[in-house]
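>>> Pasted the sequence and its predicted model underneath.
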Amino acid sequence: MKRSLLLPIIGVSALILAVFLANKLVSSNKTPQRTVAKTVKSVFVHAAENTSIPLVVSSNGRLVARQRVELFSEVQGVLKFTGKAFRSGQIYKRGEVILALDDSEFAASVRSAKSNFLNTLSTSLADIELDFPSIYPKWEAYVTTYNIDAPTAELPSFDSEKERFFISGRGILNAYYNVLNLESRLAKYTIIAPFDGALSLANVTEGSLVRAAQPLGTFIEKGVFEMPVSVPATYAENLRIGKEVTLHSLESETEHEGKVVRINPSIDQTTQTIEVTLSVRSQRLREGQYLTAEIEMETIDNVIEIDRSLVLDSQEIFVVREGLLALVPVEVIHYTENTAIISGVANGEKVLSKTLPGAFKAQPVKIIED
C-alpha cells in the first residue's frame, strides 16, 4: 500500500524538477537585450519664398529646310557637266545652273521653227505695206530686230481687229505660238537654282541618261529652317504669330533665337495639342537636327519652383517643422523637364531641397541649410 502511494509522488517530483531545470537552462542562454540608438538623418532645406514665375513650355522638334525643291526632269537627255559636280552637299547661288541636259538636237529644231516664223513674217511684209501702210513700220522693225539666237520677243500690239485677222490669216500667229512652245520646252533642259542652297540628295551623275519624270535629287535652302512643335491646347491664348522663342540643341548648350510663324487652328483630338511652326536662321544648324524650343507663356503669381522629384504622387511635399518632417498639400501649376511650379506653400516654410529616401511623416531630422 505504501509502495503504491510512493511511486506517483516520486514521478510528480521528478517531472517538476525536470521542468525547473529546463527553464533554468533556457534563461541562462538568453542574450542580453541591446539598446539601439535612434539615428537622426540630415536634410537640406531652403526657405520658401513665393514669387512671380514666367511659365515656359518646352517642346522638341526636328528642323526642316524652309524651302525645298524636289528636282524632276520633264524632258529626256544626257546629263552634262556644268562646272560643278552634281553631288550631295554641292552649293549653288540663286540663278546658277544646277544641272543641264544635252539639248543640241532639240535646240536645232527650235532654230528651224524660228527660221520658218521669220520667213513667214518677211514674206508678209510686202502685203502689210500695201494693205496697211500705217502699221508697216512697226512690223518692219520687229522683223529687222528679230534674232534667232535670242528668246522670241512679243509680237507688236494690234491696232484693229482687221489687222489681227490679217496677221492670223497669214499663219503668223500660229508660227509665233509654236516657237514659244518649243522655247519653253527647250528651257526645261536646264534647271536653275531658285534660291541660295545646296543639294541634299543627288540621284544621277554626269553622263547618265535622264528620262522624263525621273527624280534627280533634292535642293534645299541653307541656313533658314522651320520646326513644327506641339504645345498643349490650354496655352492657345498665349500663342501669337511673331512670338520669340529660344531653341537649344539637345547635344550642346548653344542657343538660337526663333519665332512663331504659323499656328494650326485645329487641335489634335488624340493628344489635345496644337501644332506650332517655328522659324530659325543659323548657318550652324542642319536639316534633320533635333532642337528643344522654350516658349514663354503667361506669368504665374504666388508660386515657388522646386525639383519635380520632391512632389509626391499624393500632390504633397515634405517640409521641416520643429525638427520633424511634415506633409503639405500643394497644387502643381506646371511641370518642366526638371522642376515643378507649385502653389500652396507659405512663405518661410522649410522645404526639402533634396529627396530623402524612406522619408515619412513626423520623422525626426537634422537641418542643413541649402
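Sure, I can see it.
>>> Next one: residue 185 from residue 150, what distance?
For residue 185, the distance to residue 150 equals 17 Å [Cβ to Cβ, to the nearest Å]. C-beta: built from backbone N, CA, C; applies to glycine.
>>> Compare these two and say which is more crowded by neighbours.
Neighbours were tallied for residue 185 and for residue 150 using other Cβ atoms under 10 Å; the higher tally belongs to residue 185 (15 against 9).
>>> And whichever helix or strand that one is part of, what does it pack against?
Using DSSP states H and E, residue 185 maps to helix 172-187. Helix 172-187 is packed against helix 104-131, with contacts defined by 3 or more Cβ pairs under 8 Å, 6 or more residues apart in numbering; DSSP states H and E.
>>> Flag every buried residue along the helix it packs on.
By 16 or more other Cβ atoms under 10 Å, the buried positions in helix 104-131 come out as 106, 110, 113, 114, 117, 118, 120, 121, 124, 128.
>>> who's in contact with the helix holding residue 185?
Helix 172-187 is contacted by residues 74-75, 103, 106-107, 109-110, 113-114, 116-117, 120-121, 124, 151-152, 155, 167-168 when judged by Cβ atoms under 8 Å, 6 or more residues apart in numbering.
>>> ok, and for it, which residues are buried?
So helix 172-187, judged by 16+ other Cβ under 10 Å, has buried residues 172, 175, 176, 179, 182, 186.
>>> ok so, going back, could you point out which of the buried residues of helix 104-131 is nearest to residue 346?
residue 106 (84.2 Å; Cβ to Cβ).
>>> Residue 264 versus that closest one, what's the distance?
46 Å.
>>> Check residue 141 too.
Taking Cβ to Cβ, one finds residue 141 at 57 Å from residue 264.
>>> Tell me which of these two has more neighbours.
Neighbour count, other Cβ under 10 Å: between residue 141 and residue 264, residue 264 has more, with 14 against 11.
>>> my guess is that one meets residue 274, correct?
Yes: the pair residue 264 / residue 274 is scored as a contact, 5.7 Å apart, by Cβ atoms under 8 Å.
>>> Now residue 68. Nearest residue, chain neighbours left out?
Leaving aside its sequence neighbours, residue 68 sits nearest to residue 220 (Cβ to Cβ, 6 or more residues apart in numbering; 4.9 Å).
>>> Please consider this matter closed, and thank you.
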